[in-house]
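Enquirer: the sequence isn't on hand, but the structure is:
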Ligand SMILES: [Zn+2]
């Protein structure tokens, strides 16, 4: 039996496993790998010696050899993971810093010129105009239930008007019951509910924020964008107040020579509803390609709050009336800074970012 | 909706100026989105007679054709083959510019000169046909202008967008009605046929409604003597201009009626409808219908839409065989064939919501469903049938519309009735309008108006959008405002006594942004929806908040952190050699309700009747320090500076506890507000393994990640104590103490103890940290500069000595001892 090639296989395997266990560093492991499992290894030479066996014997011996190789490979893998972990632990330990011990005066921080985001910059400019006009600024959440995003705004399920907004739904609760808000209008509902609960009407607020629509991004649209919405609920508020507010804002923000006009539109949560347009800021009303030669550019939507919305939040439409309006912050930025492609806003190239201050 | 002006002008006289018409339509809310001029570019196209046709040597796709166009033979190279000698065809001579701007030039092909082009219907913009040349009437004269031969007037087609609350405007007649009311001109109704002939419809056909809530009206007309063929040229052209393809006279008549009046109709081959009976019923689970588009659809299956129980209304025949999905699309069974001679014409009213749900559920939109889901005038059905017969008669003289068309009613919406006072109008619009004007405008839209003190207004049947009560009042006032003109409305800027302003949180956010910029930061905007890989970098095990219908799988999870987004911004800029910056983002990150500290709950579900759990939204301000030399130390200093500027200068930076995923495990600390103990945020470095993935070189990336709401809360508490201390005039004594301190005692912790050690201690500032050979590994020396001062007197040596003793005792309470100077 002494000429049986695998007579000492078990011994060889034990020796190899011990050798693997004895490896103390990644460098050692890499250096020893060829002699442990490579072409120069004991297992490889045993493989070559199988040629003298009969086919059946060779099959059995081959299987045994393969099993031996698997055990050594596995040991090597485990050892590698352990050594890598040890190396990382050592690196991290050497890196250790008690951040409570950082001496403020001992750390030099470079001086640099910073740049606020174009969206924040535009939003702040808009807010300042509205605060000057007596509006408070309010925030709202980005994820809403369908009730706040739609139904309380007089858009019941399956209402064709839901098609006006391409909605991202979340996999939470019942299907289509939780959405990424498609507009800032649900914040209107939150504010009115709060005002009713706190008995704090009237309400004059603007609500800037991020919204989401399932639009494939292009030069004019991003799947996420920013809107600013305004709401007034007070006694004796009329359509004339809405038109006047839009006009005052337009002139204050875009300049005294920029006019505004309303034309009938449809939003389920306002009635009457209107789209509002402003004098094209590029051609100043002369007519150009951007405004399709009309001299006007559509900016947003507005209208008198629909009695159904007042109903949903429990406001007496006999006593109170109000209006709401909304438009894109990014779109204002695009117009003001003549940004041809909106996608530049999410590219975050520092050469773009550096232009805002 | 495409509106050919030649067609529109049949119903109302239009202004001569197109610009004026467009302006008025815009002002009426019938927004003109496109203006297409058709028939232009045909001015120089003439009629030509084919004289000779010759093969061109070596060419099998083109032939040499000689035509006569009134001025002697013209040689043309032509690829079409659908004509022979003697036929009349259109010729665009050299120099002609065809619709679409294609200019005809003299060309040489295979050595043969072509002096113009013989045209197909599509090349002339007259039809969709591109199979061969447009063959003209044999009675034409060579050389005659094509426009006069075809009696083609140049036309203008307006593309207008109709708002969702204008079901009545989805038709030419509806658009015309608005214009007639605005211009105070009369509206001309189209001519219609009347039933005639033998017998009564009920003797040969039956109709019934088994779901009266879903089908409000079902009319059925039996029409005999039909011959299916092409529509007359002018009707086919009308359809083409309106954007629909002519198919056959029967189908075309149905489509023309829909475009003209807004009422979809459906024509069945009467012989293919079992027992000549049609019924409207709810589909049963397990039933299947193959619609005309060839798709097999399982019916009565609950949909994904909120509150969608899967109710399908189907039209079945006397053998209960399903013929169509009501109001959306028919099946092939009852379809009109060339051999059809008798038709059953369905004109019905279906519940808008049912159609909307089914159309969405089956992903099946048609011109019909589009109109039904908005609400078709329930009174229109038989008028539409009469118009259908009238149009079909043009190609089938002697057509017989059997008297007594069937008309079965289900539950019909009632016409809304609204009371309206002059005060209501003024209260809404801010202007008082003359009573006579209001009445004229409303009556122009077919509202019934009775004056009884105020106005008693009944909406026309076409206006299902008009509601009742105060909402209905708003609807009617909107119509008045719209017809009167928004641009003529007065403007008044309101004012109120309440001041405008920002919340504390907003003010703080603004200030934080300013400080960030002052520190050299670049504000970026990274995606809210991220990939699994991104989410796993910082939150390997948290439950994901998934988007059910993402645009791409890389944007399918609501971000749990902004760190991966910032790393990506750095990596992209670093690729261009522009990454050496301080980046930061103000934004919201999301936590699954299962893991949320405080689960947000809100009304949800159909009718707002159930409670839904929403993700927790945390506003964070996250900074990535990527300049050369940036590291955890700079992150600490940056965070301290920023927070101090927001009034939070009493902080604990604690390097204890395990770092979260994504952070450097041994260079991480929590930042706590000392007074409240609240964690305001975290500072440290990005895990070196992540840096290797993001950075082209080996560098450290500092991180500051702050919780905005907690900062606001801490700052709010801080602001309540707005007293300041006036520094006293007595000289201060300065003292440095180097204290050997166990590692587990924080520098801030020790500083605070020293501060309280004696009433004389004015301030304590850490100025040096030493670790090294002379000290054990478990300790380090912290050196503080201490200012002592009294509000009452100049300090004596004894005072200073007492204070020093007190300071050392306090230090000893934390295990810190004076470092020996030897
Ligand atoms: Zn312009």
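Expert: Looks like it arrived, so ask away. A quick note: this is a predicted structure, and the numbers were derived from the prediction, not measured.
Enquirer: show me the chain divided up by domain.
Expert: No chain specified, so I'll use chain A. A:4-95, A:118-356 (automatic domain parsing).
Enquirer: try chain B instead
Expert: B:2-39+B:155-183, B:46-149, B:201-409, B:417-486, B:504-719, B:733-818.
Enquirer: ok so, going back, looking at the domains of chain A, spot the one closest to residue B:46.
Expert: Smallest distance to residue B:46 across the domains of chain A (C-beta to C-beta): 33.7 Å, for domain A:118-356. For the C-beta atoms, the positions are set from N, CA and C on the backbone; glycine is no exception.
Enquirer: which one of the domains of chain A lies closest to residue B:388?
Expert: That would be domain A:118-356 among these, by C-beta to C-beta, at 25.9 Å.
Enquirer: show the end-to-end separation of the closest one, please.
Expert: Taking C-alpha to C-alpha, to the nearest Å, domain A:118-356 runs 6 Å from one end to the other.
Enquirer: pLDDT averaged over it - what is it?
Expert: Domain A:118-356 shows a mean pLDDT of 93.
Enquirer: now stretch B:191-200
Expert: Per-residue scores along stretch B:191-200 average to 92.
Enquirer: phi, psi for residue A:241 please.
Expert: The phi and psi values for residue A:241, taken as degrees, to the nearest 10, are phi -70, psi -40.
Enquirer: tell me which residues touch it, please.
Expert: With contact set as C-beta atoms under 8 Å, 6 or more residues apart in numbering or on different chains, residue A:241 has these partners: A:232, A:323, B:430, B:492, B:493, B:494.
Enquirer: burial of the third one, as a residue count?
Expert: Here the count is done by other C-beta atoms under 10 Å in any protein chain shown, and residue B:430 has 21 residues near it.
Enquirer: contacts only, for it.
Expert: A:238, A:239, A:240, A:241, B:489, B:490, B:492.
Enquirer: by neighbour count, which of those residues wins?
Expert: Sorting the contacts of residue B:430 by how many neighbours each has (other C-beta under 10 Å) puts residue A:239 first, at 28 neighbours.
Enquirer: and the residue in the stretch 1-150 of chain A positioned nearest to chain B, how far from the ion?
Expert: Residue nearest to chain B within the stretch 1-150 of chain A (C-beta to the nearest C-beta): residue A:112, separated by 2.4 Å. From residue A:112 across to the ion, the span is 39 Å (C-beta to the ion, to the nearest Å).
Enquirer: and stretch A:332-344 with chain B, contact?
Expert: No - counting by C-beta under 8 Å from any C-beta of the partner chain, chain B is not contacted by stretch A:332-344; separation bottoms out at 10.7 Å.
Enquirer: end to end, how far does that stretch reach?
Expert: End residues of stretch A:332-344 are separated by 15 Å (C-alpha to C-alpha).
Enquirer: just checking, residue B:589 is part of a helix?
Expert: No - with DSSP: H, G, I helix; E, B strand; the rest coil as the criterion, residue B:589 is assigned strand and is not in a helix.
Enquirer: spatially nearest residue to the residue of the stretch 651-800 of chain B found nearest the ion, not counting backbone neighbours?
Expert: Closest contact between the stretch 651-800 of chain B and the ion, by C-beta to the ion, is at residue B:708 (39.9 Å). Distances taken as C-beta to C-beta, 6 or more residues apart in numbering or on different chains place residue B:619 nearest to residue B:708, at 4.1 Å, with adjacent residues excluded.
Enquirer: helix or strand: which one has that neighbour?
Expert: Per DSSP states H and E, residue B:619 falls inside strand B:616-625.
Enquirer: which secondary structure elements does the helix or strand containing residue A:82 sit against?
Expert: Secondary structure assignment for residue A:82, by DSSP H and E: helix A:55-95. Counting by 3 or more C-beta pairs under 8 Å, 6 or more residues apart in numbering or on different chains; DSSP states H and E, the packing neighbours recorded for helix A:55-95 are helix A:9-21, helix A:26-37, helix A:42-48, strand B:663-673, helix B:688-694.
Enquirer: following that helix, which helix or strand comes up?
Expert: helix A:118-132.
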